[in-house]
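Q: pasting the sequence and the predicted coordinates here, then a few questions.
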Amino acid sequence: MEEGLDPEKQPMPASTERNETSSATSTSRPTRGYAHLAEFMTKTRHGMMRRFKDLSTQNLLYLQAELYQLRFELDREAAADAQFPRSDERSNWDFHWNLLATSGQRGGDKRWKIWLKLRERLYEYQDAIQRHAKVASMAGPTADQRRILAKIVGRDSLSDDSMQFLSRELRGLEPEAYKEGFLDDLVLLEAADEDNDPLERFVVNAVLRLLRAFRGCKMKLIRQEDIESGLGGSLAIVGGRVYQWDKRTYSRANRVIGAMFSAVVPVASVVTLYAVQSMGLRVGLVCVFSLVFCLALSTLTKTRRIEVFAATAAFMSVQLVFISQGN
């Protein structure tokens, strides 16, 4: 190295420049195939997989059958050992586990081997039951979420041939893994609190679609660069293509519509009861509004049954106090 030359200012070797350029290119290259689908699922909370409940149940049945067979063989060996006289070691295996566990050292370990195999299958069986129950209890996607994912995978609506799958479960216009008939067998990988909210699913989306029809709300067509930069808001299918609601607009609409629906029944009840003079008709209207309140609470929210009962009782009590004071 020449004297007086700062090593930090030395020119970079050409090979190093090529390596850095190639690594930068590889990191900025758009994802394709399974990597692109995984990126979409992660950034849109539309990640869903098959539960394969039928295969899981069949596996449990096979394990149960194995346990029954091993239990039968174990009982048969135990009954045969019990026939030996007390002077024989085998007759004592039921009373001393160590004699049974070390019976292989004396050439008679068939019964212990059956037990060890049964123990292994029992653990596998119990673990499979827990896994099956856990997967079965996970939230599933809505019909719209399934339809969006099937459209994206099947029709490659994100362009650039990024999802032209060749494998059996994802190829074709209607991917086998996400067919409509498998909706109940799909599990949502990242279900948020608002996912599957009936109010959001039936009311908010309908209102936004109505506003869009009158050009009061805009949607953005999703493209590949949107996946790479990150998505926000909710997705919807219009004309066979996948669009995205503006995140701020969707969140604001969700809050406003939810607040309006929570107030419409109490307000309607107070106004109606104030206008009606007949006490008999008032009592009848109290029953009607309480029933409407109960049905709305049950169908449009995720409230538990005991909470619905308590809220309905409180709502009905307030109405009765109102009409009694008015009278």
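A: That came in fine, so what should we check first?
Q: in the stretch 151-300 of the chain, which spans are helices?
A: 198, 205-213, 224-229, 247-275, 279-300 (DSSP state H, counting those that start in this stretch).
Q: any low-confidence regions in the stretch 201-327 of the chain?
A: For the stretch 201-327 of the chain, the stretches flagged by pLDDT under 70 are 201-206, 208-247, 249-250, 326-327.
Q: swap the cut-off to 50 and go again
A: Across the stretch 201-327 of the chain, nothing is flagged by pLDDT under 50.
Q: looking at the helices of the stretch 151-300 of the chain, which is nearest to D81?
A: D81 lies closest, by CB to CB, to one member of the helices of the stretch 151-300 of the chain: helix 279-300, at 60.8 Å. Where C-beta positions appear, they are placed from N, C-alpha and C, glycine not excepted.
Q: tell me which residues in the closest one are buried?
A: Going by neighbour count (16 or more other CB atoms under 10 Å), the buried part of helix 279-300 is 282, 285-286, 289-290, 293-294, 296-297, 300.
Q: do the same with stretch 121-140
A: Quick answer for stretch 121-140 (16+ other CB under 10 Å): 121, 125, 128, 132, 140.
Q: check contacts around the last one.
A: Contacts of G140 were listed using CB atoms under 8 Å, 6 or more residues apart in numbering, and they are 48, 183-184, 186-188, 196.
Q: who touches stretch 169-176?
A: Here stretch 169-176 has contacts from 37, 150, 153-155, 163, 165, 168, 177, using CB under 8 Å, 6+ apart.
Q: related to what we said a few turns ago, could I get the helices of the stretch 151-300 of the chain as JSON lines with distance to Q83?
A: Output for the helices of the stretch 151-300 of the chain, formatted as JSON lines (distance: least, CB to CB, whole Å):
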{"stretch": "helix 198", "distance to Q83": "66"}
{"stretch": "helix 205-213", "distance to Q83": "73"}
{"stretch": "helix 224-229", "distance to Q83": "72"}
{"stretch": "helix 247-275", "distance to Q83": "74"}
{"stretch": "helix 279-300", "distance to Q83": "64"}
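Q: surely E77 touches K113?
A: No. Judged on CB atoms under 8 Å, E77 makes no contact with K113 at a distance of 9.8 Å.
Q: who has more neighbours, those two?
A: E77 (18 against 12; other CB atoms under 10 Å).
Q: the residue nearest to the more buried one when sequence neighbours are not counted sits in which helix or strand?
A: Spatially, and ignoring its direct neighbours in sequence, E77 is nearest to R111 (4.2 Å; CB to CB, 6 or more residues apart in numbering). Using DSSP states H and E, R111 falls within helix 110-137.
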